[in-house]
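*Asks:* dropping the sequence and predicted coords here.
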Amino acid sequence: MSTKIKINSQIFQDSNNVYYPKDEVEVSDLIRELYKQDSPTEIIGNNSKSFIGNKTQSANTTSLSKISGIIDYRPEELYIKIKACTPINEIEKVLSENSQELAFEPIDFGYIKDGKSNKGTIAGYLSCNYAGSRRFKVGSVRDHVLGFKGVNGKGDIIKSGGTVVKNVTGYDLSKLIAGSFGTLVALTEITLKVLPKKDSSKTVIIYPNNFEQIYDLFNKLSSSSSEISGAVFIPEQSNDKEFSAKRNNVFKFNDLKSKVSFVAFRVEGDKISIEEKINNLKKELELNNSDISTLDVYQSEPFWKKINNLEVFEKTEHNLIRMVIPPANGSKLSKYLENNHNYFIDWCGSLFWIEVNSKKEEKIKDLKKMANDFGGYLTVIKTSSEYDYGESIFTVDKVRLMISEKVKQSFDPKRILNPGKMYRGV
Amino acid sequence: MSELALPKIDNSILNRKSEIVKNLSKLTDKENVLSEADELRPYETDALSVYTQTPLAVVLPENTDEVSEILKYCYSQNIKVVPRGAGTGLSGGALPLQDAILLGLGKFNKILEIDYKNKCVVTQPGVTNLGITHAVQQKGFYYAPDPSSQLACSIGGNVAENSGGVHSLKYGTTTNNILGVQMVMMDGTICRFGGKSFDQEGYDLMGLICGSEGLLGVVTEVTVKILKTPDVVRAALIGFPSIKEGGDAASEIISSGIVPAGMEIMDKALIEATDNFSKAGYPRDAELLLIVELDGTESEVNELIRKVEAICKKNNCSSLKLSNSEKERLSFWAGRKAAFPACGAMAPDYYCMDGSIPRGKLAEALLEIKKLSEKYGLPVANCFHAGDGNLHPLIMFDGNDKEQLRKTEEFGSEILKTCVRLGGVITGEHGVGIEKRELMCEMFNDNDIQQQLSIKKSLDEKNLLNPGKVYPILRKCAEEGRVHVHKNKDKFPDLPRF
């Protein structure tokens, strides 16, 4: 690790020695200097998600938080161009005034961090690429990025993409940047595709009897032409009294029996088509004699916020795992989790949020093996204080690691940007 | 056609041809290695047929291990490799090189697994785009991206070009519709990115490969997402008395919150050309024709049609027809899909351009193209994927007249530069290939291009895989960049191009 060095620039530095470049030229100057001096830096935004990933091995910290503001918003063109560290809240507010939204439904990681809402910035979002419940229908954060500008590890300002959805001009670097945890470029500008907000929504709750039925429901829901835009399973979890009380409190709604296991699915659109879709789905799912309830828009919206805020795991001090697997293997995983961990399932059976209430990293190893065997992956999103990083918090195989090292090398040959944040050597 | 700069020929490779052919024959069935002049001829060009080049040899491997062995051998011997799918690409991405072997993936033509539970299909790259939909349609599913050449183009080629289609505004392009790929790197390493689950963790290498035009690896397996076919699909055919009113209506449809499954615009020249050609019943008095397609459940589609109708009337449409049957809907599309051959019937040759612009700049772009058409004295017809901003001007000319050809090239280049100036890009869906290489510097500066080249170098350090494509060889913005069709003899005249 390099020691602190003197940077010959006018860039503002606070009392903790954090650099605050105010535009892309200052970011470029700073990184160019760090490159010359072989001195790596951690890249941060508003610190809402900096707890995710490994601790970086760097002597400097660069905050991009001053690079904020909307550059160009064209509702009729369905795009918004923003400076990298514009807060998500600010973007969502402006879009909402035009009845538009970020369709990938940003997760608010503030709740699991310290119980307070903090959606952070768009650059942070893109760097993690964690989309919310609507993902299986509309795509992830990476599917909504049209272009970006940023500074690579040599201090060069680079760009890729544009403002149009159809574009095959050069490599699609926007995809590569999504989920790269700030290890390839320090982002300065991002262009996102935005979509119209649906008029209304309703959520149907079903109380299934067993895992087979849950996955049968998920399968039928994802096979329907009456497109749903969210489907979760919230298990009962009666053996952990404390968690169970929290869970029941989070899902306290007038029209929801919150104390038992339930599957919830969301239908969005105009009011008439919502009714039509729900009726179609009731037939397809053979729900006519089942015990179901429906959340109207006033309950439906807060319900999905609670899901996307991960409120059942609010302020968790345990390890919180995000596992994604092909849905057909979901019922096997659910059966294993039932008596072992607190969890819930999103993305119509594909995404598992799992709390590992154990000091032993062995448990995480077991889960990672399952994720691999099932054809998926896991990430330890939040680690408990005992976690000693013996087991990597990411899932990567040898070949992908080798290619990742090469890609990293092409952007950041001296490993100046967030070294080690993702993998050792990257 | 202007002289095309290609990578420097390695004569030592040419001299070793028979030895190379012999060695390749040990790595796959002897029958799969072609080296005689008459065997090589069909592989001399892709659908950008003005450029031809005979490859050193053609190899048609049958499985991933063979691809790996062949690449490993070529890597060790410094032999260049040009990968090829179905050869329907319009930008010359699969143009052979004299000292390179052409790696054809035509034998990778099997669907490996249909997995309805995970809503995906695992397929070899040589399967056609439409072949996937055909395999799952009896259960009511389909594969969303629908490039107009979908009958012939292969899914591997779709990955290389990140192909879109009429429905890409609503359903995305290839990159948004695949879950995983298996790929072989130039040194023979076999790798897998993604699988049957969403969003691989770490660097999105699948996203990088998609649209990389065969420069980073050879895709040997693709896992695509399949969707349930919508209940109801209807289309509206709307005429406007002016470009501005039609363009405004298209913009207003989007800004009102409607995401049409498809939205196409044709100008007067093309309305007349296609109506003469295919008798589609288009409103010939209109200056601009808008086709809007909507899908969903019945009440959803009816509601959207009602909104579209209101917007078009507000913008003074001169005619409005709604499809009341599947047959009628297809008839609305018939003329549009015949746009290219219709232009072919009007002049000995035409060039098809492919740029993207922000939707709202359509009127401005068309006006500019009209001015250029007058300046060069060449007629032009325009079709436009209004949903996603992809513009295809078709310049008509006579290729026998060298002066006209030169003017056409200049005209085309000016159109693409106009696209960039209006905030768009030089290729929406045909790829850069060889035809738009020199225009890359209209969009990117040295830093941008250097970064891309350095990725190429990190994954193919010897620059052996499809060299000479996508990135400028000569650092000048030459006047290149079109599809040239002579006497309506497109390489694939039966394929709709739109």
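*Replies:* Nice, thanks for sending it over.

*Asks:* identify the residues contacting residue A:199.
*Replies:* A:269-271 (CB atoms under 8 Å, 6 or more residues apart in numbering or on different chains). No exception for glycine: its C-beta is placed from N, CA and C like everyone else's.

*Asks:* which residue is nearest the middle of chain B?
*Replies:* residue B:430 (3.3 Å; CA atoms, centre = their mean).

*Asks:* pretty sure residue B:222 belongs to a strand, no?
*Replies:* Yes - with DSSP: H, G, I helix; E, B strand; the rest coil as the criterion, residue B:222 is located in a strand.

*Asks:* beta-bridge partners for it, please?
*Replies:* Taking DSSP bridges as the rule, residue B:222 bridges to residue B:123, residue B:181.

*Asks:* and chain B, what are its domain boundaries?
*Replies:* With domains defined by automatic domain parsing, chain B comprises B:11-104, B:111-228, B:232-337, B:341-486.

*Asks:* return the most buried member of those.
*Replies:* Mean neighbour count, computed with mean count of other CB atoms under 10 Å in any protein chain shown, is highest for domain B:111-228 among these, reaching a mean of 23.

*Asks:* up against chain B, what does the stretch 201-350 of chain A have?
*Replies:* Residues of the stretch 201-350 of chain A found near chain B (CB under 8 Å from any CB of the partner chain) are A:219, A:222-227, A:269-270, A:272-273, A:276-277, A:280, A:324-328, A:347, A:350.

*Asks:* please narrow these to those residing in helices.
*Replies:* A:219, A:222, A:272-273, A:276-277, A:280 (DSSP state H).

*Asks:* out of these, the closest to chain B would be?
*Replies:* The shortest gap between chain B and any of these belongs to residue A:273, at 3.9 Å (CB to the nearest CB).

*Asks:* count of neighbours near the closest one?
*Replies:* 25 (other CB atoms under 10 Å in any protein chain shown).

*Asks:* residues contacting it?
*Replies:* Contacts of residue A:273 by CB under 8 Å, 6+ apart are B:296-297, B:299-300, B:303.

*Asks:* in strands only, show me those residues.
*Replies:* Taking DSSP state E, the ones among the contacts of residue A:273 that sit in strands are residue B:296.

*Asks:* identify the farthest-apart pair in the contacts of residue A:273.
*Replies:* With CB to CB as the measure, no two of the contacts of residue A:273 lie farther apart than B:297 and B:303, at 9.7 Å.

*Asks:* now do the lengthiest helix in chain B: which elements does it pack against?
*Replies:* Using DSSP H, we find that the single longest helix of chain B is helix B:402-421. Packing partners of helix B:402-421 (3 or more CB pairs under 8 Å, 6 or more residues apart in numbering or on different chains; DSSP states H and E): strand B:349-352, strand B:355-356, helix B:362-376, strand B:390-397, helix B:440-443.

*Asks:* is any part of the longest one close to chain A?
*Replies:* The reference is to helix B:362-376. No - in terms of CB under 8 Å from any CB, no part of helix B:362-376 sits within range of chain A; the closest distance is 11.2 Å.

*Asks:* against which helices or strands is that helix packed?
*Replies:* helix B:243-255, strand B:380-385, strand B:390-397, helix B:402-421.

*Asks:* ok, 10 Å please
*Replies:* helix B:243-255, strand B:262-267, strand B:288-296, strand B:380-385, strand B:390-397, helix B:402-421 (3 or more CB pairs under 10 Å, 6 or more residues apart in numbering or on different chains; DSSP states H and E).

*Asks:* may I see these organised as CSV, with mean pLDDT added?
*Replies:* As requested, the helices and strands packed on helix B:362-376 are exported to CSV (pLDDT from 0 to 100):
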stretch, mean pLDDT
helix B:243-255, 92
strand B:262-267, 94
strand B:288-296, 96
strand B:380-385, 92
strand B:390-397, 92
helix B:402-421, 90
